[in-house]
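# Sequence and predicted structure, then a few things I'm wondering about:
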Amino acid sequence: MTKAISKRTLDFITFIPFGIAISAFILYLRYSLPIMLHEKIAVTGLILNYANRFRNIAIFSGIIGIIALIVTSIIYYSTGNRVVKTPTLLDLKLMLLKAKSNITKAVNIIAILLCIILILLLGMQINKQSNINKQNLNIKAVELTK
(Lines give C-alpha, C1' and ligand atoms only; values in the text may rest on other atoms or scores of the structure.)
Protein backbone atom coordinates (compact mmCIF):
# COMPACT_ATOMS: atom_id res chain seq x y z
CA MET A 1 0.00 0.00 0.00
CA THR A 2 1.31 3.40 -0.92
CA LYS A 3 0.65 6.45 1.14
CA ALA A 4 -0.72 9.37 -0.82
CA ILE A 5 1.29 12.57 -0.76
CA SER A 6 -0.58 15.41 0.87
CA LYS A 7 -1.41 18.57 -1.03
CA ARG A 8 0.64 20.67 1.36
CA THR A 9 3.75 18.54 0.73
CA LEU A 10 3.30 18.80 -3.03
CA ASP A 11 2.87 22.56 -2.78
CA PHE A 12 6.07 22.82 -0.75
CA ILE A 13 7.98 20.66 -3.23
CA THR A 14 6.69 22.88 -6.04
CA PHE A 15 7.66 26.06 -4.16
CA ILE A 16 11.29 25.08 -3.57
CA PRO A 17 12.55 25.66 -7.17
CA PHE A 18 10.57 28.89 -7.45
CA GLY A 19 12.04 30.10 -4.14
CA ILE A 20 15.55 29.33 -5.38
CA ALA A 21 14.81 31.09 -8.68
CA ILE A 22 13.48 34.21 -6.95
CA SER A 23 16.44 34.42 -4.55
CA ALA A 24 18.98 33.87 -7.34
CA PHE A 25 17.29 36.53 -9.49
CA ILE A 26 17.40 39.00 -6.58
CA LEU A 27 21.12 38.29 -6.14
CA TYR A 28 21.62 38.71 -9.90
CA LEU A 29 19.96 42.12 -9.75
CA ARG A 30 22.00 43.00 -6.66
CA TYR A 31 25.28 42.43 -8.48
CA SER A 32 24.35 43.49 -12.01
CA LEU A 33 22.36 46.71 -11.42
CA PRO A 34 25.29 48.69 -9.95
CA ILE A 35 27.41 47.56 -12.89
CA MET A 36 24.78 48.64 -15.43
CA LEU A 37 23.88 51.93 -13.76
CA HIS A 38 27.35 53.29 -13.00
CA GLU A 39 30.00 53.40 -15.65
CA LYS A 40 32.81 54.39 -13.28
CA ILE A 41 32.64 51.21 -11.20
CA ALA A 42 35.63 48.96 -11.77
CA VAL A 43 34.27 45.64 -12.95
CA THR A 44 36.28 42.47 -12.69
CA GLY A 45 35.59 39.27 -14.50
CA LEU A 46 34.84 37.54 -11.21
CA ILE A 47 31.91 39.86 -10.45
CA LEU A 48 30.47 39.35 -13.93
CA ASN A 49 30.87 35.58 -13.59
CA TYR A 50 28.96 35.61 -10.29
CA ALA A 51 26.18 37.71 -11.79
CA ASN A 52 25.92 35.39 -14.79
CA ARG A 53 25.88 32.33 -12.56
CA PHE A 54 23.04 33.75 -10.48
CA ARG A 55 21.11 34.49 -13.68
CA ASN A 56 21.67 30.97 -14.98
CA ILE A 57 20.62 29.46 -11.64
CA ALA A 58 17.44 31.57 -11.68
CA ILE A 59 16.54 30.45 -15.20
CA PHE A 60 17.32 26.77 -14.51
CA SER A 61 15.38 26.76 -11.23
CA GLY A 62 12.44 28.47 -12.92
CA ILE A 63 12.34 25.76 -15.57
CA ILE A 64 12.56 23.04 -12.91
CA GLY A 65 9.75 24.80 -11.01
CA ILE A 66 7.53 24.84 -14.08
CA ILE A 67 8.17 21.13 -14.63
CA ALA A 68 7.37 20.45 -10.95
CA LEU A 69 4.19 22.51 -11.29
CA ILE A 70 3.09 20.45 -14.30
CA VAL A 71 3.85 17.19 -12.47
CA THR A 72 1.96 18.25 -9.34
CA SER A 73 -1.04 19.36 -11.39
CA ILE A 74 -1.08 15.95 -13.09
CA ILE A 75 -0.92 14.30 -9.65
CA TYR A 76 -3.79 16.49 -8.41
CA TYR A 77 -5.98 15.60 -11.35
CA SER A 78 -5.15 11.91 -11.26
CA THR A 79 -5.85 11.51 -7.52
CA GLY A 80 -8.71 13.99 -7.30
CA ASN A 81 -12.33 13.13 -6.58
CA ARG A 82 -14.38 12.22 -9.60
CA VAL A 83 -17.61 13.53 -8.07
CA VAL A 84 -18.93 16.49 -10.03
CA LYS A 85 -20.73 19.07 -7.97
CA THR A 86 -23.15 21.35 -9.78
CA PRO A 87 -22.41 24.90 -8.72
CA THR A 88 -25.16 27.11 -7.39
CA LEU A 89 -25.63 30.75 -8.27
CA LEU A 90 -24.02 31.79 -4.98
CA ASP A 91 -20.96 29.65 -5.72
CA LEU A 92 -20.62 31.24 -9.16
CA LYS A 93 -20.86 34.75 -7.67
CA LEU A 94 -18.18 33.93 -5.08
CA MET A 95 -15.92 32.49 -7.78
CA LEU A 96 -16.40 35.65 -9.87
CA LEU A 97 -15.55 37.91 -6.93
CA LYS A 98 -12.41 35.90 -6.15
CA ALA A 99 -11.36 36.02 -9.79
CA LYS A 100 -11.86 39.79 -9.93
CA SER A 101 -9.79 40.33 -6.79
CA ASN A 102 -7.01 38.07 -8.11
CA ILE A 103 -7.00 39.88 -11.45
CA THR A 104 -6.77 43.29 -9.79
CA LYS A 105 -3.91 42.07 -7.58
CA ALA A 106 -2.07 40.71 -10.62
CA VAL A 107 -2.64 43.94 -12.56
CA ASN A 108 -1.35 45.99 -9.62
CA ILE A 109 1.77 43.84 -9.33
CA ILE A 110 2.44 44.09 -13.08
CA ALA A 111 1.93 47.87 -12.99
CA ILE A 112 4.38 48.22 -10.11
CA LEU A 113 6.99 46.08 -11.90
CA LEU A 114 6.59 48.09 -15.10
CA CYS A 115 7.02 51.33 -13.14
CA ILE A 116 10.21 50.00 -11.54
CA ILE A 117 11.59 48.98 -14.94
CA LEU A 118 10.68 52.38 -16.39
CA ILE A 119 12.39 54.19 -13.51
CA LEU A 120 15.54 52.09 -13.97
CA LEU A 121 15.60 52.72 -17.71
CA LEU A 122 15.08 56.46 -17.24
CA GLY A 123 17.85 56.51 -14.63
CA MET A 124 20.22 54.81 -17.04
CA GLN A 125 19.26 57.27 -19.82
CA ILE A 126 19.72 60.31 -17.54
CA ASN A 127 23.09 58.96 -16.37
CA LYS A 128 24.25 58.48 -19.97
CA GLN A 129 23.00 61.96 -20.94
CA SER A 130 24.83 63.59 -18.03
CA ASN A 131 28.03 61.76 -19.00
CA ILE A 132 27.65 63.02 -22.59
CA ASN A 133 27.14 66.59 -21.35
CA LYS A 134 30.23 66.33 -19.11
CA GLN A 135 32.28 65.07 -22.04
CA ASN A 136 31.07 67.95 -24.26
CA LEU A 137 32.21 70.48 -21.65
CA ASN A 138 35.67 68.93 -21.52
CA ILE A 139 36.21 69.08 -25.30
CA LYS A 140 38.11 72.19 -26.36
CA ALA A 141 37.27 73.50 -29.79
CA VAL A 142 40.11 74.36 -32.11
CA GLU A 143 39.43 76.97 -34.75
CA LEU A 144 41.35 77.06 -37.97
CA THR A 145 41.69 80.47 -39.63
CA LYS A 146 43.25 81.39 -42.94
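All right, it came through fine.
# quick one: contacts of stretch 109-127?
The set of residues external to stretch 109-127 that reach it, using C-beta atoms under 8 Å, 6 or more residues apart in numbering, is 33, 36-39. C-beta: built from backbone N, CA, C; applies to glycine.
# which residues in the chain form helices?
Secondary structure of the chain (DSSP state H): helices at 7-37, 45-79, 89-138.
# got those helices as CSV, with mean pLDDT columns?
As requested, the helices of the chain are exported to CSV (pLDDT from 0 to 100):
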stretch, mean pLDDT
helix 7-37, 85
helix 45-79, 85
helix 89-138, 70
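# Let's have these in JSON lines, adding mean neighbour count.
Below are the helices of the chain laid out as JSON lines (neighbours: other C-beta atoms under 10 Å):
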{"stretch": "helix 7-37", "mean neighbour count": "15"}
{"stretch": "helix 45-79", "mean neighbour count": "14"}
{"stretch": "helix 89-138", "mean neighbour count": "10"}
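# got TSV for the contacts of stretch 109-127, with distance to Arg53 too?
Converted to TSV, the contacts of stretch 109-127 look like this (distance: C-beta to C-beta, whole Å):
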residue	distance to Arg53
Leu33	16
Met36	17
Leu37	21
His38	21
Glu39	23
